[in-house]
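Asker: Got a sequence here, can you build the structure:
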Amino acid sequence: MELKSKVLIIGGTGYLGKRLVKASLEQGHETYVLQRPEIGVDIEKIQMLLSFKKQGARLVIGSFNDHRSLVEALKLVDVVICAVSGVHFRSHQILLQLKLVEAIKEAGNIKRFLPSEFGTDPAKMVDAIEPGRVSFDDKMTVRKAIEDAGIPYTYVSANCFAGYFVGGLCQVGHILPSHDSVTLYGDGNVKSIYVDEDDIAAYTIKTIDDPRTLNKTLYLRPPANILSQREVVGLWEKLIGKEVHKTSLSEQEFLNIMKDKNYAEQVGLTHYYHIFYHGCLANFEIGKDGEEASALYPDIKYVKVEDYLKQYL
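Answerer: Take a look at the predicted model:
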């Protein structure tokens, strides 16, 4: 049987990162987690790292501010997955990965790099409005550096994280579903795609040794989870046995609301704008440079939106 790749996960204590560590261990990979000194005395992250160690992961100290430590960590593995958060838009945290690209070039042994993306495919967002396009632009800057360096890669487009979108019936600022009312974006009929976070991790780990995904984008499009906001609300109504009151927010009204928000909020709202008014996640066909995860890995029984909603009953 072919040996599984050794994996280094950067950002392992984060929202998705901890799930990537779990999935990597479950799928039988020798798993390393970068322990960054920057976490300081954050006791919860320290305890999480120790729990990874108990589960069989290996901790390796390294920092984006210490090039040599990154190189030495990379030399221990075959594959590196970065899951650093991109929410700190002003600090362009995603661009920290440019330091990782330099370290990968020097180490010379990495067979696959999966940079921190896991959302909307930035290559499809060239027409995104300001200021939200900053996150797409930063990710494309990292992609260019990866490809210019000739580093083997897989990009993962995971679309909408279920915890952030499904729980709040797709409404900004909501993570729990209301039994009474919901605001629809426009007519609520624009299709989007929702994926359980544990499923995102499982699909991601599946791809790292798969030649079919080498130098391609992996799109997570579980067929049952390609739904409009109105359909998500309908599933919730079915579960609770009643209709909720619906109001509609027009495209222009949404843009007007954005103008009064601070920079970070505007960036986040821009993503909602393109997802729920323009359908940016589902309005294109996957071409020859991409693969669809649920088609490649039918053995993963993904969580359907309806089943995800049941936990809120």
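
Asker: any residues touching stretch 146-161, and which ones?
Answerer: 15-16, 101, 104-105, 110-115, 117-121, 143, 166, 192-195, 197, 200, 203-204, 207-208, 213-221, 275, 281 (Cβ atoms under 8 Å, 6 or more residues apart in numbering). C-betas here are computed from N, CA, C, even on glycine.

Asker: so what's the spatially most central residue of the chain scoring on pLDDT?
Answerer: By Cα atoms, centre = their mean, the chain has its centre lying nearest to F118, at 2.6 Å. Per-residue pLDDT puts F118 at 93.

Asker: Doesn't it belong to a helix?
Answerer: No - counting by DSSP: H, G, I helix; E, B strand; the rest coil, one finds F118 to be coil, located in no helix.

Asker: My read is that it contacts C82, right?
Answerer: No - using Cβ atoms under 8 Å, F118 is not in contact with C82, being 9.9 Å away.

Asker: Averaged pLDDT, stretch 14-27. What do you get?
Answerer: For stretch 14-27, the per-residue pLDDT averages 97.

Asker: Identify each buried residue in that stretch, please.
Answerer: Buried positions in stretch 14-27, judged by neighbour count with 16 or more other Cβ atoms under 10 Å: 14, 16-25, 27.

Asker: Taking these together, which two end up most distant?
Answerer: G14 and Q27 (19.3 Å; Cβ to Cβ).

Asker: Which single one of the buried residues of stretch 14-27 is nearest to G186?
Answerer: Distances from G186 to the buried residues of stretch 14-27, taken by Cβ to Cβ, are shortest for L16, at 29.0 Å.

Asker: Next up, the contacts around that closest one.
Answerer: 83, 118, 161, 197, 200-201.

Asker: Now with 10 Å, please.
Answerer: 9, 81, 83-85, 116, 118, 156, 158, 161, 197-198, 200-201, 204 (Cβ atoms under 10 Å, 6 or more residues apart in numbering).
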